[in-house]
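[1] Requesting a structural model of the entry that follows:
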Amino acid sequence: MSTESEAALPIAEPPPDGGPDGPVTSIVERSRRTSAPPPLGSGFKTPISHRLAEGAIRGIAVSAILAIALIFVFVAKEALPLFWEPEAQEEIGGLSALVFARQWDGYDEPTHVWQPVAEPPKLDVIPLFVGTLKVTAIAMFVSVPIAILAAIFVSQYAGRRSRELLKPAIELLASIPSVVLGFFALIVLASLVHDAFGTTYRLNATVAALALSLAVIPVIFTITEDALRAVPRELTNAALALGARKHQVVLRVVLPAALPGIAAAVILGFGRAIGETMVVLMASGNAAVMEVFDPTSSARTVTATIASELGEVTQGDPHWRVLFLLGTVLFLMTFVINRAGASFVERISSRLTATERGARR
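    A predicted model of the protein is given here:
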């Protein structure tokens, strides 16, 4: 019986190509060769909808840059003729009268004066920039510590429910129109400051700066809070595991790691403060005086001057040219500050990255 069954079993023949599996191996190899993926980037075609979306996004980005460039060209085009029109220069007393103190009739000594409706017109722009920097400096002095401390509390100490209440409440300040802040400063804040400190002028640089800080705080707070929360948890957990207290972790680990973001927040807040118009127009007193170190004196900023006087001058008049020159200088100054701030942030970020890599090694 066993002999017959063994005879009935088929005898396996050796593979014709001498391989271990014969035709099976050749089929697998052939299928692998035919199904091999194409080179990267050569076998797949981007859908047309994706290409259209990419082109639209690129066009929007380019149009934004062109819009900024065209705005600058328009403003500069109205200001530049002041430098080659002899009639305009003669009417304002020469280009030197724009920046240098001069002995005017009725004044005992050379001084900087902005009185465009006087005869002759006095268009010295130095008091305007002094007022702008004074109001901006006081506003930053008030808003930066408050915004950064609030961001530290919300991101590092507050509980979940408190964070969900505090963060939207602070960020809601950014949605308040600047004219509303100006009304608040004009009616309420000016009276409070006058009664508390007995200031000579009810509307002054301090009142405008305090109202302006309400617009700057949410800008600095939002970016700083995001930067603090972006610090990896591994760093804080490692510091806590080594025995550091919470305030030590915040001061020595979290804040240094988030320093580039905090610096960017302060720069954006400065740009917000120096470009504000309605608050300072309504609450600063609008007197172009050269009281540099007196925060209780009135002040007149560049933006408030342009907003209040541009609609009352004749197009092409020297006063018109000077106002556009102020806008050009303010545009360039803001651009330079933003670029310097971006370079500073990149330098800090690269330095922190290099330090972190060295510590890992």
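
[2] Assign the nearest residue to residue 297 once chain neighbours are set aside to helix, strand or coil.
    For residue 297, ignoring the flanking residues on the chain, the nearest one in space by C-beta to C-beta, 6 or more residues apart in numbering is residue 291 at 3.9 Å. All C-beta spots, glycine's among them, are computed from the backbone N, C-alpha and C. Of the three states, residue 291 takes coil under DSSP: H, G, I helix; E, B strand; the rest coil.

[3] wait, doesn't residue 291 sit right on residue 300?
    No - judged on C-beta atoms under 8 Å, residue 291 makes no contact with residue 300 at a distance of 11.3 Å.

[4] neighbour count winner among these two?
    Neighbour count, other C-beta atoms under 10 Å: between residue 291 and residue 300, residue 300 has more, with 24 against 17.

[5] and the nearest residue to the more buried one once chain neighbours are set aside, how far is that from residue 201?
    Take residue 300 and drop its neighbours on the chain: the residue closest to it by C-beta to C-beta, 6+ apart is residue 288, 4.1 Å away. Between residue 288 and residue 201 the computed distance is 13 Å (C-beta to C-beta, to the nearest Å).

[6] who's more crowded, the two?
    residue 288 (24 against 19).

[7] Tell me if that one really is in a strand.
    No - Residue 288 sits outside any strand when classified using three-state DSSP, being coil.

[8] list the contacts for it?
    113, 114, 115, 127, 128, 131, 300, 305 (C-beta atoms under 8 Å, 6 or more residues apart in numbering).

[9] And the pLDDT at the nearest residue to residue 132 once chain neighbours are set aside?
    Excluding the flanking residues, the one nearest residue 132 by C-beta to C-beta, 6+ apart is residue 301, at 4.2 Å. Residue 301 is assigned 91 on the pLDDT scale.

[10] Show me what the helix or strand harbouring residue 161 is packed against.
    Using DSSP states H and E, residue 161 sits within helix 160-171. Judged by 3 or more C-beta pairs under 8 Å, 6 or more residues apart in numbering; DSSP states H and E, the packing partners of helix 160-171 are helix 205-229.

[11] Now do the helix it packs on, average pLDDT.
    For helix 205-229, the mean per-residue pLDDT is 92.

[12] Please could you give me each C-alpha atom of stretch 229-246, formatted as PDB?
    What follows is stretch 229-246, C-alpha atoms only, in PDB (Å, rounded to 0.1, in the frame of the first residue of the first chain):
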ATOM      1  CA  ARG A 229       3.500  79.000  26.400                       C
ATOM      2  CA  ALA A 230       5.600  77.900  23.400                       C
ATOM      3  CA  VAL A 231       8.600  77.100  25.700                       C
ATOM      4  CA  PRO A 232       8.900  73.300  25.800                       C
ATOM      5  CA  ARG A 233       7.500  71.600  28.900                       C
ATOM      6  CA  GLU A 234      10.700  69.400  29.000                       C
ATOM      7  CA  LEU A 235      12.700  72.400  30.100                       C
ATOM      8  CA  THR A 236      10.400  73.400  32.900                       C
ATOM      9  CA  ASN A 237       9.900  69.800  34.100                       C
ATOM     10  CA  ALA A 238      13.700  69.300  34.100                       C
ATOM     11  CA  ALA A 239      14.300  72.400  36.200                       C
ATOM     12  CA  LEU A 240      11.500  71.400  38.600                       C
ATOM     13  CA  ALA A 241      13.000  67.900  38.800                       C
ATOM     14  CA  LEU A 242      16.400  69.400  39.800                       C
ATOM     15  CA  GLY A 243      14.700  71.100  42.800                       C
ATOM     16  CA  ALA A 244      14.100  74.600  41.400                       C
ATOM     17  CA  ARG A 245      11.100  76.600  42.600                       C
ATOM     18  CA  LYS A 246       8.400  77.900  40.400                       C
END
